[in-house]
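Student: Dropping a prediction and its sequence here:
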Amino acid sequence: MRWNRAVSLILGYVLVVVVFASALVLLGVFLVGIELISQSLFPWVVRLSVATLGVVIILFLPNAVISSQPRFAARGMLGASFVFGATLWVFSFLLTLELWGYFALILGLSLSGAGILPFALLAALFKGMWLAVGAWLLLAALMVSLGIWSEYLFDRVRQNEPVG
């Protein structure tokens, strides 16, 4: 009776260790995979953000200011906000990983994934990387301001629609 209990207890501990080690391996594979994907996508995401900024300036801003029905500009600015947000997230992911390593990255990702945004800003501030701080602030300002402006434009569209 005691022998069965001892074996059962030992097997339970071994199972816990195996499950924990498997979870750590999966986390490592997940992080390395995201790192590789982010590194290969980052140049493309930056190009997309630059092109999106051009489209916002040339196409959406005039439509938002001049048009009486700015639905096109509202949708475009909302999409542009998502593009800048994705660029900011990938930039923050890579910056946090490069400056503070995997521990800060895991901690930031555990905060709903968006925790790496302030971690990247703090890491760049503490390291004195002012160009990175400026890029981070510019992307964050574009993301937030275009999102707010698109909501304002959607409200204008809703006010102009007939009720019924």
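Tutor: Yep, that arrived. Numbering: from 1, shown residues only.
Student: Please make it C-alpha for all contacts and neighbour counts, starting now.
Tutor: Will do.
Student: all helices of this structure, in order?
Tutor: Assigned by DSSP state H, the helices in the chain fall at 2-55, 61-66, 71-110, 116-127, 130-160.
Student: now the ones you listed as JSON lines including mean pLDDT and mean neighbour count?
Tutor: Below are these laid out as JSON lines (pLDDT from 0 to 100; neighbours: other C-alpha atoms under 10 Å):
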{"stretch": "helix 2-55", "mean pLDDT": "85", "mean neighbour count": "13"}
{"stretch": "helix 61-66", "mean pLDDT": "89", "mean neighbour count": "15"}
{"stretch": "helix 71-110", "mean pLDDT": "92", "mean neighbour count": "20"}
{"stretch": "helix 116-127", "mean pLDDT": "94", "mean neighbour count": "19"}
{"stretch": "helix 130-160", "mean pLDDT": "93", "mean neighbour count": "17"}
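Student: quick one: the most centrally placed residue in the chain from Asn63, how far?
Tutor: Nearest to the geometric centre of the chain sits Trp89, at 2.9 Å (C-alpha atoms, centre = their mean). Distance, Trp89 to Asn63, by C-alpha to C-alpha, to the nearest Å: 28 Å.
Student: Cheers, nothing more for now.
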